[in-house]
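Chemist: here's my sequence, what's the structure:
(one chain, ligands or ions: 1)
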Amino acid sequence: MAQLLSDAEIEAQASKLSGWILEGSKLETKRKFKDFVEAIAFVNKLVEPAQTAGHHPDIEVSYNKVKITLTTHDAGGLTQKDFDLAREISQID
Ligand SMILES: C[C@H](O)[C@H](O)[C@H]1CNC2=NC(N)=NC(=O)C2=N1
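Modeler: Predicted structure coming up:
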């Protein structure tokens with residue numbers, strides 16, 4: 001199981017990660033699209049990196065808005081896997 005990061009490690013990595021906010025023991029980002037179809041197309045692009053990493057974002061879709069939350073459920077907080085996946089997701093349009 002991935003190891004929980006310390007508060008100092010979380011702060012250090014979060015400060016270098018633009019577009020994401022820390023919400024307690026989770027990382028969160030929001031995207032807005034033209035419509036539902038575009039929002040779902042974006043969600044579909046998350047499948048491949050998530051499957052490859054063996055790590056899966058929590059996803060909320062509200063019409064044209066997508067909220068992505070990352071945390072490591074098994075570990076009960078943030079691990080390196082969350083920051084690595086966040087960086088990958090940031091590169092997806
Ligand atoms: C066995 C499998 O690797 C685990 O259940 C993985 C799958 N994806 C996961 N994703 C996330 N976000 N947290 C987990 O703890 C987690 N566990």
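
Chemist: tell me which parts of the protein are close to the ligand?
Modeler: Proximity of the chain to the ligand (C-beta under 6 Å from any ligand atom) is limited to residues 54-56, 72-74. Just so you know, the C-beta spots here come from the backbone N, C-alpha and C atoms, and that holds for glycine as well.

Chemist: can you name the two of these that sit furthest apart?
Modeler: 54 and 73 (12.3 Å; C-beta to C-beta).

Chemist: show me where the protein has strands.
Modeler: Secondary structure of the chain (DSSP state E): strands at 21-23, 26-32, 58-62, 65-70.

Chemist: now for the first one, which elements pack on it?
Modeler: Contact here means 3 or more C-beta pairs under 8 Å, 6 or more residues apart in numbering; DSSP states H and E; on that basis strand 21-23 packs against strand 26-32.

Chemist: who touches the strand it packs on?
Modeler: Contact with strand 26-32 is made by 14, 17, 19-22, 39, 42, 64-71, 78, 82-83, 86, 89-90, as judged by C-beta atoms under 8 Å, 6 or more residues apart in numbering.
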